[in-house]
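Chemist: got a predicted structure here, sequence first:
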Amino acid sequence: VQLQASGGGLVQAGNSLRLSCAASGRTGSTNYMGWFRQAPGKERRFVAAIRWSDGYTNYVDSEKGRFTISRDNAKNTVFLQMDSLKPEDTAVYYCAAGRFFRTSREVDAWGQGTQVTVSS
């Protein structure tokens, strides 16, 4: 499966961004799609995931309520709506796909990453 992420950019704190990730190829081999992020000098960390079949969602505890993951099955696309952004949300956000994941080692496929920068 190939993943194409988009939607990053520079925003001021308190504003919102929506990331998109379009999947192509053998999408039937993945149960979940989601997002990780990696800040400079830090490891890549799980943010959220959604199950294709029924929309079940899974979030890192710290982002519950600010971030919302959703999907459009017809377009094989997953979205991450990020509200009330903070400077500490600054990172490269990576789209991910796999059978199930909460850690980067469990991911089967990665997108190219999209930069999100939140200014104070």
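Modeler: Looks like it arrived, so ask away. Fair warning: this is a prediction, and the values are worked out from it, not measured in the lab.
Chemist: grab the most central residue of this structure for me.
Modeler: A centroid search over the chain (CA atoms, centre = their mean) returns W35, at 2.3 Å, as the residue closest to the centre.
Chemist: which residues does it bridge with?
Modeler: Applying DSSP bridges to W35 gives these bridge partners: A48, C95.
Chemist: so it touches I69, yeah?
Modeler: Yes - with contact defined as CB atoms under 8 Å, W35 and I69 form a contacting pair (7.0 Å). Where C-beta positions appear, they are placed from N, C-alpha and C, glycine not excepted.
Chemist: overlap in contacts of those two?
Modeler: 48-49, 78, 80 (CB atoms under 8 Å, 6 or more residues apart in numbering).
Chemist: how close does R18 sit to T77?
Modeler: With distances taken as CB to CB, to the nearest Å, R18 is found 11 Å from T77.
Chemist: what about stretch 25-36, average pLDDT?
Modeler: For stretch 25-36, mean pLDDT rounds to 90.
Chemist: kindly export that stretch (C-alpha atoms) in CSV.
Modeler: The C-alpha trace of stretch 25-36 is given here as CSV (Å, rounded to 0.1, in the frame of the first residue of the first chain):
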residue,chain,number,x,y,z
GLY,A,25,-2.5,-0.1,-4.0
ARG,A,26,-3.2,-3.1,-1.8
THR,A,27,-5.4,-1.3,0.7
GLY,A,28,-7.2,-4.5,1.6
SER,A,29,-4.1,-5.6,3.5
THR,A,30,-4.5,-3.0,6.1
ASN,A,31,-7.1,-2.9,8.9
TYR,A,32,-6.0,0.5,10.3
MET,A,33,-4.7,3.8,9.2
GLY,A,34,-3.5,6.5,11.4
TRP,A,35,-0.9,9.1,12.3
PHE,A,36,2.4,9.4,14.2
